[in-house]
Every structure is written in structure tokens, then in C-alpha cells.
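Asks: Here is my input; please provide its structure:
(2 chains)
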Amino acid sequence: MTPKNFLSLAPRLVVGLVLLYAGFLKAAGPAAEFAAALAAYHLFPSVLLSTLALAIPYVEMWVGLFVLAGLYTRYAASAAAALFCAFLLVLLSALLRGIDLASCGCFGAETLSPRWTVMMDTVLLSLSLWIRRQSKSSPPLSLDRTLN
Amino acid sequence: MTLPRLLAASFLILAPVAAIQGIKQTSWGPILAAPAARQTGDPKAKVTIVEYSDFQCPSCAHIRPTVEQFLTLYKGKVRLIYKYYPLTRVHKNAMPAAHAAECAARQNHFWPYHDRLFETQMSWAPLLDPATSFMAIAQGTHLDMPKFQSCYADPAPLAVVEQDAKEAADRAVSATPTFFVGDERLVGQVFATDGARTIERAIRQ
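Replies: Numbers count the residues shown, from 1 in each chain, chains lettered A, B, ... in the order given. The predicted model follows:
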């Protein structure tokens, strides 16, 4: 693998796999557990919690798969950046309001402290923006290139 | 958009949906019978609420007034079963607290002991050895002290706690408090926001 290919593929692997893993853990577990994690942020109306708890994991998996496979890579990377940006805003708003979250709720029953999550989301947001920038033309080792 | 790209996109959208439908657990292990001492409300009530809870969990203490409120509001229509689910990885005194509560249950004093454990949670939770606090609660709730002390010294009641914890794990419970209103699962503060609606729906069914 050439360095150029690696630089294109590695960020896609990281962003894609993290989104896929996070979405999978939440979608496979009871939606009520993720709804409770969302409720802890005191940000979403209670009538929306169940819908969000069902929808977000699938959105994460879809965006993760498209980034990983390199299909519509530029749009998928933009969607990933938007997701990480939203996660960061929600987390920072909770931290600023002094809400004591035991876990971010990002990985289902796995616990990850909100401070670590802020760092992780910042790195993943940067990688998503990097992928977006690199995907003006079809990136190497991607479906975009194979199906062109 | 070319056909191959459209097909690839459709596959990527449908694959996770099919995978999750294939592996998602939709039925849970059974809820085993709990002794009468750990039940409250009308034993013949139409709706059973099962609570998996940890005495050292702040959210479990926080939800108590809501649970009390629902038991009063739906008196005669609901009964509550308490199940031990000490989260020992994060709460080092949760298991001894459940042990003490089980000793109180054996003297048919579970609920007063349970209430005092939650009311005094902040004082015993950080202790290296909470035994003295648990003894004081036992005294305050008028338990037979020699019986309580010998029960607390005996590891046998822990088997009951561990059985409840295993039941919780079999039902994919990973957070406390988790409530089951019939088959409906409500976790944490969602019980406060959606509990009434869920109970009323279960009563109507």
C-alpha cells in the first residue's frame, strides 16, 4: 500500500469503524437504555426520546458504512463531521450546565467519561473534515473509485 | 447516479437493518418470583412493576419520590417488586447494602430498611466499611439485632442478591434504576417522564 493510499484509507477506517461500533452497540441493545442516556442530558423533549434513541444508532451505522466503503465519500464525511459536531455541542452544553454524566451513552452499556468523549469527538471531527477535503476526487480504495 | 452505485448504496443502507433485526434480542429471560417481603402494593394488582435497583446509585435514590407517587396514584392497580442489582464495578458498598437489605427482608422489614438506605445513602456510600451504618439503620428500623448481625455475617443471603443480578443481566439490564412495567422497559429518569403513561396503558390493556 502506498503512503497516499494509507493516508486516504486510515482516517476512513477510524471514523467508519467508530461510528459503526457505536451505532451497532446501541442498536443491538434495548432502545430504552439509550433513551435514558439521552434523557440525562436534559436537552431533548421527552416525547422525542424514544424516536431519537431508535434513529441515531442507525444513522451512525449508515454514515460509518458509507465512509468505510468510500461510497459518496464526500457527502458521508460531511455527514460524519455534522454528527461529531452535534455530539460535541450536546456534550459541551451538558458540561457547561454542570450536569454530572456518569457516561456519555455513546457506546451503549460501555462507559466512557464525557471529558474523554469530547477529546475523541474532536479528533474524529478533524478526521472527518480531512476525509472530506481528500475526497474531492474519488479516493483510492473506495467504491467511489471502483464504480466510477 | 448510476445503477451500480444505487445498488451499492441500497446494500449499505439495508445491511445494518437486516443485521440488527437478525441479532437483536427481543425476548428476555424470565422475571423470577420475589419474596412477598420485597413486594409492595396490591398482590392481585393488574400491573406489576419490577425495579432493578442499586442502593448506592444516586439516580435510584432520586427516583424514589416518583415511585412512591405512582404507588399512591395507582393504588390497588399496581404492585412493585424490588430486585437487587448492585453495580459492584462502580459502587463498592452496593453489595454490602443489598446484603443488609436482604437481612431486613428476612425479618419482613425490607421496605423501611430500603427507605432508610436511600435516605442515608450519602453518609454510608463513601465509607470504607459501611457495616456500622447498616447496623444503625437496622436498630432504627426496629430489627431483631442479634438476628440481623448473624445474617449480615453469613454470606448465604448474598446468593439471593446474586440471583437477582443474574436475572437482570439475562434481561439485558445494564443501568440502574431499570423498571419493567409489564414488558415495557423504562430506564432511569425516563420512568419519571413516561412512567405514568406506560402504567395507564398497561392498566387499560
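Asks: Let me know how buried the closest residue to residue A:99 other than its chain neighbours is, in neighbour terms.
Replies: The spatial neighbour of residue A:99 that comes closest, neighbours along the chain excluded (Cβ to Cβ, 6 or more residues apart in numbering or on different chains), is residue A:42 at 6.3 Å. Where you see a C-beta, it was placed from the backbone N, CA and C, and this is true even at glycine. Around residue A:42 there are 11 other residues, counting by other Cβ atoms under 10 Å in any protein chain shown.
Asks: ok now do residue A:42, which residues does it touch?
Replies: Taking Cβ atoms under 8 Å, 6 or more residues apart in numbering or on different chains as the contact definition, residue A:42 lies against A:94, A:97, A:99.
Asks: Phi, psi for residue A:102 please.
Replies: Dihedral pair for residue A:102: phi -70, psi -40, per degrees, to the nearest 10.
Asks: now swap in the one 4 residues further on and tell me
Replies: With angles defined as degrees, to the nearest 10, residue A:106 shows backbone torsions of phi -70, psi -30.
Asks: Could you do residue B:180 as well?
Replies: Backbone torsions for residue B:180, taken as degrees, to the nearest 10, come to phi -120, psi 120.
Asks: Hmm, residue B:29 and it touching each other?
Replies: No. Counting by Cβ atoms under 8 Å, no contact exists between residue B:180 and residue B:29, whose distance comes to 11.5 Å.
Asks: which one of those two has more residues nearby?
Replies: Regarding residue B:180 and residue B:29, a neighbour count based on other Cβ under 10 Å identifies residue B:180 as having more, with 21 against 14.
Asks: and the spatially closest residue to that one that is not a sequence neighbour, which of the three is it?
Replies: If the residues on either side of it in the chain are set aside, residue B:180 comes closest to residue B:50, at 4.5 Å by Cβ to Cβ, 6+ apart. Secondary structure for residue B:50, judged by DSSP: H, G, I helix; E, B strand; the rest coil, is strand.
Asks: C-terminal to the host helix or strand of residue B:65, what's the next element?
Replies: Counting by DSSP states H and E, the element that carries residue B:65 is helix B:58-73. Next in sequence after helix B:58-73, counting helices and strands by DSSP H and E, comes strand B:78-84.
Asks: Pull up the pairing partners for that next one, direction included.
Replies: The strands that strand B:78-84 pairs with in its sheet are strand B:39-41 (antiparallel), strand B:47-53 (parallel) (by DSSP bridges).
Asks: Show me the shaky parts of chain A.
Replies: Within chain A, the segments meeting pLDDT under 70 span A:1.
Asks: Kindly report the residues of it close to chain B.
Replies: The interface of chain A toward chain B, taken as Cβ under 8 Å from any Cβ of the partner chain, is made up of A:20, A:23-24, A:27-30, A:32-33, A:35-36, A:39-40, A:46, A:49, A:58, A:61-62, A:65-66, A:69, A:71-72, A:102, A:108-109, A:111, A:143, A:147.
Asks: Give me the subset of the residues you listed lying in helices.
Replies: For the residues of chain A next to chain B, the ones inside helices are A:20, A:23-24, A:27-28, A:32-33, A:35-36, A:39, A:46, A:49, A:58, A:61-62, A:65-66, A:69, A:143, with DSSP state H as the criterion.
Asks: Give me the nearest residue to the residue in chain B sticking out farthest from the centre, chain neighbours excluded.
Replies: When distances are taken from the C-alpha mean of chain B, residue B:2 lies farthest, 53.1 Å away, according to Cα atoms, centre = their mean. Leaving aside its sequence neighbours, residue B:2 sits nearest to residue A:147 (Cβ to Cβ, 6+ apart; 6.8 Å).
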